[in-house]
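Participant: here's my sequence, what's the structure:
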Amino acid sequence: MLCLSAPLLAAPRPRLIHRRPHGHRLRVPHVPWQTILAGGAAAGGVVFAYKVADGIQKGTVEAARSAPETFIGKCGGVPGTMQAASAVCVLIAIAYLAWRVGYRPGGRGEESATDANGRSDNGPQGG
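Facilitator: Predicted coordinates for the structure are as follows:
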């Protein structure tokens, strides 16, 4: 088993920190500022969503404790609204996928293929 893995162990690994040939100073490879900015924006978006969701959850719990009958009355229509929104999202997704595949309602469709003699596969030509 050791002799089978020997070529894998002998392969050079890419290093994150490189040593300069003429000195002992280390350097880190250049990372574009756009990559750093994108990483920070993604992390900020995750933290923002976490904080907002935590605030909404605390507010909902407090509203349910303080006035349960009002809370139930206000939230009673939420399942119906969520079902309607889900149905609309599904219809939009189906329409988008049908459009990507090439289905066009009312369209002429694909043109029929013709062979080298100009005959089409739609049947006999008139004239």
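
Participant: measure residue 36 to residue 53 for me?
Facilitator: 26 Å (C-beta to C-beta, to the nearest Å). (C-beta placed from N, C-alpha, C; glycine too.)

Participant: sorry, that was for residue 102
Facilitator: Taking C-beta to C-beta, one finds residue 102 at 40 Å from residue 53.

Participant: C-terminal to whichever strand or helix holds residue 59, what's the next element?
Facilitator: For residue 59, the enclosing helix or strand under DSSP states H and E is helix 33-66. Downstream of helix 33-66, the next assigned helix or strand under DSSP H and E is helix 68-75.

Participant: now for that next one, which elements pack on it?
Facilitator: helix 33-66 (3 or more C-beta pairs under 8 Å, 6 or more residues apart in numbering; DSSP states H and E).

Participant: same for the helix it packs on, what does it pack against?
Facilitator: helix 68-75.

Participant: buried stuff in the helix it packs on?
Facilitator: Buried positions in helix 68-75, judged by neighbour count with 16 or more other C-beta atoms under 10 Å: residue 71.
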